[in-house]
Every structure is written in C-alpha cells, then in structure tokens.
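Undergrad: Pasted the sequence and its predicted model underneath.
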Amino acid sequence: MRFVYISSYRMTQRYVALTDYALSIECLTFVAILALSRSVPRLRFWLLVFFSSVAASSLIGGTVHGFFEDPSFIGERVLWPMTMIGIGVTALAGAQIAKGLLLAEHDSTMANAIIYGAFCVYCGVVLFVNSSFLIAILGYLPAMLFLAWALMKNYRRTGQSGFLIGFRGLLVILFASVIQQIRFLDSSRYFNRNVLYHILQGLGLCMFFVTARSLQGKGLTKYAN
C-alpha cells in the first residue's frame, strides 16, 4: 500500500512539467527585471500582468502534467481550469498592451468593453463548456494577432528594432501553438509536442521581453505620458 501511494505521486510527464517550470522561472525573472526598471508607466502594469500570468499558468500547468493528469484527481479538476484562466489573463494583458501602443494618449471605452467582454466569454467557455487547450489557443489568438499588428505598426512608424523583435517573437509563439496541436509528435516520451511547444514559447517570450525593455528607449518617450 505504501508503494502504491508513493508511485501514484510520481511525475507522469516529467519533461513537460520541467519545461513548464522553466517557463515559469523565465517569466518571473522578466517580471523582476521589469519591476525594477524605469519602463513606461502606462504599459508597465500590463507588461507585468502579461509575464506574471504566463509564469502562474506555466507553474500550475506543469504541476498538472507532472502530478495530476488523471481526470479523476481533484487536483486536475481544480488546477487545470486555473491554468486556462491564467492563459486568458495573458491574452487580456496582451490586448491591453496593444491598445496602449496604438492609443498611447487616449483611452477607449469601446475597446475596453470588447477586451473585457471577450475575456468574460472565454472564462465562461473554459469553466462551463470546454477546457481543452485548443480553446486556450483560440482564446488568445485574437489578442496575439492584435498585439503583433500593434508592434508592426509601431515598427513601421518609428523604425525601432525592438518592435520588430517582439513581432517576430509573437510569430514564434503562434507557430509553437500550431506545433502543440500536432499529435503524432507524441511518439517520443522525452521530446513530445508539449516539450517543443514550451521551448519555442520560451524563445518567443524572450524576444517579446526585448520589446518590453526597449519601451524605455528615448525614441518611445511618447508612451510615458
């Protein structure tokens, strides 16, 4: 009985969980750096929310993959929806960052209504209809495309390379999302689609962090208002 108890708490998908935890550490590092920097006050809050939510969802998701994958476990039933909601918060923050880049000197009630409305709909679907990871991808896709468009528009206007790096980083993240849905990559127990997804996501987030840091540059002082 003792052996059964211990073995039931072994890590089931060790490498998926470990790469999830690595993502969490990466994003917490970004949060610490941004919190101590003189980044743009208008955008700093949402940048911190963006990376903090990725850190939280990766930490919880890694715990699910590592210890609570059995749907009968109450941990899986509680923790997985928390992971999905965390991803929704990331999308919310990404949309707010895009709005801040496009409407630096104004606030839009209509835009806020759309962003928060979409977030509420996403949470409702996750909690009461379907909590598969495909729903998470479909949920954050519009926000990531909106943010990518905002970065490219600002790159064309200012010529600041930081915007282009962030744009490419988001493309890497979106490509990683496609990879995550290719199930035949699960043929290896060590390097499956989720592990590759996390590695590419980490690269894309690192590139977007370069953009977050570049918002301190002299060429972007209008966003400090």
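TA: Structure received.

Undergrad: From residue 54, how far off is residue 205?
TA: 7 Å (CB to CB, to the nearest Å). No exception for glycine: its C-beta is placed from N, CA and C like everyone else's.

Undergrad: Now the common contact residues for the two.
TA: 23, 27 (CB atoms under 8 Å, 6 or more residues apart in numbering).

Undergrad: what residues are up against the spatially closest residue to residue 33 that is not a sequence neighbour?
TA: What sits nearest to residue 33 in space, not counting adjacent residues and going by CB to CB, 6 or more residues apart in numbering, is residue 213, at 7.6 Å. By CB under 8 Å, 6+ apart, the contact set of residue 213 is 33-34, 37, 39, 162.

Undergrad: if you take the average position of the protein, which residue is closest to it?
TA: Central residue of the chain (CA atoms, centre = their mean): residue 54, 4.3 Å from the mean position.

Undergrad: which SSE is that residue in?
TA: Taking DSSP states H and E as the criterion, residue 54 maps to helix 41-67.

Undergrad: Could you pull up the mean pLDDT of whatever helix or strand comes next after that helix?
TA: For helix 41-67, the following helix or strand on the C-terminal side (DSSP H and E) is helix 74-102. Here helix 74-102 scores 89 as its mean pLDDT.

Undergrad: by contact count, what packs against helix 74-102?
TA: helix 41-67, helix 109-128, helix 133-158 (3 or more CB pairs under 8 Å, 6 or more residues apart in numbering; DSSP states H and E).

Undergrad: need the ones you listed in a markdown table with distance to residue 83, can you?
TA: Formatted as a markdown table, the helices and strands packed on helix 74-102 follow (distance: least, CB to CB, whole Å):
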| stretch | distance to residue 83 |
| --- | --- |
| helix 41-67 | 4 |
| helix 109-128 | 10 |
| helix 133-158 | 8 |
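
Undergrad: which one of those is the most hemmed in?
TA: With neighbours defined as mean count of other CB atoms under 10 Å, the helices and strands packed on helix 74-102 peak in mean count at helix 41-67, which reaches a mean of 21.

Undergrad: helices and strands around that helix, which ones?
TA: Short answer (3+ CB pairs under 8 Å, 6+ apart): helix 41-67 packs on helix 14-36, helix 74-102, helix 193-214.

Undergrad: Poorly predicted segments of the protein, please.
TA: Within the chain, the set of residues satisfying pLDDT under 70 comprises 1-11, 38-42, 69-76, 104-107, 186-189, 216-225.

Undergrad: again, only using 80
TA: Applying pLDDT under 80 to the chain flags residues 1-13, 37-42, 66-78, 103-108, 183-191, 215-225.

Undergrad: what residues are up against residue 51?
TA: Residue 51 touches 27-28, 30-31, 34, 205, 209, 212, counting by CB under 8 Å, 6+ apart.

Undergrad: and the two most separated of these?
TA: Farthest pair in those (CB to CB) is 28 and 212. Separation: 14.2 Å.

Undergrad: Quick check: the residue nearest to the centre of the chain vs residue 89, distance?
TA: For residue 54 relative to residue 89 (CB to CB), the value is 9 Å.

Undergrad: do residue 185 as well
TA: Counting by CB to CB - residue 185 and residue 89 are separated by 28 Å.

Undergrad: neighbour count winner among those two?
TA: residue 89 (20 against 16; other CB atoms under 10 Å).

Undergrad: what sits against the closest residue to the more buried one other than its chain neighbours?
TA: Among residues not flanking residue 89 along the chain, residue 53 sits closest, at 4.0 Å (CB to CB, 6+ apart). Residues in contact with residue 53 (CB under 8 Å, 6+ apart) are 86-87, 89-90, 93.
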